[in-house]
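**Student:** Got a sequence here, can you model it:
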Amino acid sequence: MTKIAILVGSLRKGSFNRMVAKTLMAVAPKSMTYEILEIGGLPMYNQDLDDAPPVEWTEFRQRLKSFDGIVFVTPEYNRSVPGVLKNAIDVASRPYGQNVLGGKPGAVISVSLGAAGGFGANHHLRQSLVFLNVPAMPQPEAYIGGADKLFDASGNLTNDSTRAFLTKFMNSFTEWVEKNAAKR
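**Tutor:** Below you'll find the predicted structure:
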């Protein structure tokens, strides 16, 4: 079965990004399995440690190798991605020439309280993915704004139009993975 990793760029307790990630998993076609990979415990990337990497880096890289695609769910911090997500990408793509992300189909969804839905973070992340040879799904683009109004107190999505959009997004991502997996 095709395995998809989900990297959530928000560590906050009660994270709307994590709520969206869980919703994505619930509405996704059952032809693939999904798993949120935790990134909060990864030590900061430091090239000096490449020859003797921390065990957390090695385990994270090995886990990522076993996945066929990746969904990045990110908030927007200062018009970019949070440091924790950028660090996970750096750990996964280093040392140079040993990028475990390369060739894996990806998708980006940004989630924010604001009306623009994390547009800046979404596009900034896409720039990194081009360099890392992660073919990012071009359509549908996914910017989830007003996230604080979409979930109940238990973290369940209550907005039907958002659920329909996320379902469409995951159906498209499934097709994207199937199309691009053959190219790997």
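**Student:** element containing the most centrally placed residue in the chain, please.
**Tutor:** Closest residue to the average C-alpha location of the chain: residue 72 at 1.2 Å, with C-alpha atoms, centre = their mean. Taking DSSP states H and E as the criterion, residue 72 maps to strand 69-74.
**Student:** name the helices or strands packed onto that strand?
**Tutor:** Here strand 69-74 touches strand 2-8, helix 16-27, strand 106-111, helix 119-131, helix 160-181, going by 3 or more C-beta pairs under 8 Å, 6 or more residues apart in numbering; DSSP states H and E. C-betas here are computed from N, CA, C, even on glycine.
**Student:** Could you check how far the residue nearest to the centre of the chain is from residue 121?
**Tutor:** The gap separating residue 72 from residue 121 is 10 Å, by C-beta to C-beta, to the nearest Å.
**Student:** who touches both of those two?
**Tutor:** Common neighbours of residue 72 and residue 121, counting by C-beta atoms under 8 Å, 6 or more residues apart in numbering, are residue 9.
**Student:** hang on, the earlier thing: for the helix or strand just after the strand holding residue 72, the averaged confidence score.
**Tutor:** Reading on from strand 69-74 to the C-terminus, the next helix or strand found by DSSP H and E is helix 83-93. Averaged across helix 83-93, pLDDT comes to 98.
**Student:** Just the CA atoms of helix 83-93, as PDB, please.
**Tutor:** As requested, the backbone C-alpha atoms of helix 83-93 are provided in PDB (Å, rounded to 0.1, in the frame of the first residue of the first chain):
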ATOM      1  CA  GLY A  83      11.600  27.100  11.900                       C
ATOM      2  CA  VAL A  84      10.600  23.600  13.100                       C
ATOM      3  CA  LEU A  85       9.300  22.700   9.600                       C
ATOM      4  CA  LYS A  86      12.300  24.300   7.800                       C
ATOM      5  CA  ASN A  87      14.600  22.300  10.200                       C
ATOM      6  CA  ALA A  88      12.900  19.000   9.400                       C
ATOM      7  CA  ILE A  89      13.300  19.800   5.700                       C
ATOM      8  CA  ASP A  90      17.000  20.600   6.300                       C
ATOM      9  CA  VAL A  91      17.600  17.400   8.300                       C
ATOM     10  CA  ALA A  92      15.800  15.300   5.600                       C
ATOM     11  CA  SER A  93      17.700  16.800   2.700                       C
END
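**Student:** Any buried residues in that helix, and which?
**Tutor:** 84, 85, 86, 87, 88, 89, 90, 91, 92, 93 (16 or more other C-beta atoms under 10 Å).
**Student:** What is it packed up against?
**Tutor:** helix 55-65, helix 119-131.
**Student:** Which residues does the first one contact?
**Tutor:** Same thing as helix 55-65. 5, 37, 39, 41-43, 45, 49, 70, 88, 91-92, 98, 100-101.
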